[in-house]
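In: what follows is a predicted structure for the sequence shown.
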Amino acid sequence: MASSCGAFHEEALRRQRVIDKKRAAIHRLNIVKEEEERNAIEKARLDAEMKQKRHNDKMKELQRHLSAVKSDGKRGPAEIPGSVMTNIRRKEIALRNSNLLIGHPRALWDARL
């Protein structure tokens, strides 16, 4: 009878090891699941922040555009680039030498809009 008790005890120890392994595996799975949930929440928060930032940047750009446009719907005075101004001056000289007339450079620049 003493030998049969040893077999039962061995079986009980084996079952306890199986139960311990199962508990450890469940614990590891819970840790991984919690970490994934934290990562998902953090990603959602970052996505929301980026979306809000893009929205704010878009609104700022729109506000800058609206402030650049006058209340009557016309654009404010635009700066004529130097290369364009040089071309206008050259054409003006060529037309003047041909006894033709060219308008003011600002009028030409505004007419292109």
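Out: Received it, and whenever you're ready, just let me know what you need.
In: longest helix of the chain?
Out: Of all segments of type helix in the chain, defined using DSSP state H, the longest is helix 2-68.
In: tell me which other helices or strands that one touches.
Out: For helix 2-68, there is no helix or strand it packs on, judged by 3 or more C-beta pairs under 8 Å, 6 or more residues apart in numbering; DSSP states H and E. Every C-beta, even on glycine, is put in place using the N, C-alpha and C of the backbone.
In: which helices and strands does the helix or strand that it is followed by pack with?
Out: Where DSSP states H and E defines the elements, the next helix or strand beyond helix 2-68 is helix 82-97. Helix 82-97 sits against helix 105-111, with contacts defined as 3+ C-beta pairs under 8 Å, 6+ apart.
In: ok now the longest helix of the chain, how far from the chain's centre?
Out: Centroid displacement of helix 2-68 relative to its chain, using C-alpha atoms, centre = their mean, to the nearest Å, is 25 Å.
In: residue 9 and residue 15: what is the separation?
Out: 11 Å (C-beta to C-beta, to the nearest Å).
In: before we move on, what about residue 55?
Out: Residue 55 is 59 Å from residue 15, by C-beta to C-beta.
In: check residue 21 too.
Out: For residue 21 relative to residue 15 (C-beta to C-beta), the value is 11 Å.
In: tell me which residue lies nearest the centroid of this protein.
Out: Taking C-alpha atoms, centre = their mean, the centroid of the chain lies closest to residue 50, which sits 5.3 Å from it.
In: confidence score at it?
Out: Looking at residue 50, its pLDDT reads 95.
In: could you do residue 67 as well?
Out: 77.
In: and it, how far from residue 95?
Out: 37 Å.
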